[in-house]
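J.: Return atomic coordinates for the entry below.
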Amino acid sequence: MTYSTPDAVQRRAHPRLAWPFIAGLGALALVEPAVHALGLFESVHPAARHFAVLAAVSGVWLALIAYVRPPRPFVTVVLAGVCYVVVLATVGLVVGPVLGISDGSPGLWVLPIAIVSMASTHMLWFVLVGALAHVLVPGRAR
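T.: Modelled structure (predicted):
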């Protein structure tokens, strides 16, 4: 039987993840529904607005990753992406219809395949952002 000492924990192959940081990055998903609910950029096509918000959030993520320098930037961004998708789907399923920000569309309740499509495209995007974050944070144990 082996016992774990503080020194052994520090030398482990995979350092611990910063879960509060990951959750905070994922919480930035609330920017998109807020932009939509406040009516900002209404003259812009909804798909372009979504991509612009997603790109802005990704830029903020990369800046924070470069500043904070978590030990596993790729995994951090991918897990934050999972949080982002969960928050966005929850807002789309529950909060959007209640607040009336669904633009009369049937939403994710009627089209469950939309959840799969939204999640897969977002996760592909976040894998790419995670790869970029992995490159931006040199010299750390990955």
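
J.: isn't residue 81 right up against residue 130?
T.: Yes. Using C-beta atoms under 8 Å, residue 81 is in contact with residue 130, at 7.3 Å. C-beta here means a position set from N, CA and C on the backbone, and glycine is covered the same way.

J.: Count residues in the vicinity of residue 39, would you?
T.: 8 (other C-beta atoms under 10 Å).

J.: Kindly provide the distance from it to residue 47.
T.: 17 Å (C-beta to C-beta, to the nearest Å).

J.: same question, residue 133
T.: 25 Å.

J.: between these two, who's got more neighbours?
T.: residue 133 (25 against 8).

J.: Show me what the mean pLDDT comes to for the helix or strand that that one is a member of.
T.: Per DSSP states H and E, residue 133 falls inside helix 112-136. For helix 112-136, mean pLDDT is 90.

J.: and that helix, what does it pack onto?
T.: Contact here means 3 or more C-beta pairs under 8 Å, 6 or more residues apart in numbering; DSSP states H and E; on that basis helix 112-136 packs against helix 46-68, helix 73-90, helix 107-110.

J.: Adding distance to residue 123, write those out as JSON lines.
T.: Formatted as JSON lines, the helices and strands packed on helix 112-136 follow (distance: least, C-beta to C-beta, whole Å):
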{"stretch": "helix 46-68", "distance to residue 123": "12"}
{"stretch": "helix 73-90", "distance to residue 123": "6"}
{"stretch": "helix 107-110", "distance to residue 123": "16"}
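
J.: Could you identify which of these is most buried?
T.: helix 73-90 (a mean of 21; mean count of other C-beta atoms under 10 Å).

J.: Give me the contact list for it.
T.: With contacts defined as C-beta atoms under 8 Å, 6 or more residues apart in numbering, helix 73-90 is touched by 17-18, 21-23, 25-30, 32-33, 57, 61, 65, 70, 108, 115, 118-119, 122-123, 125-127, 129-131, 133-134, 136-137, 140, 142.
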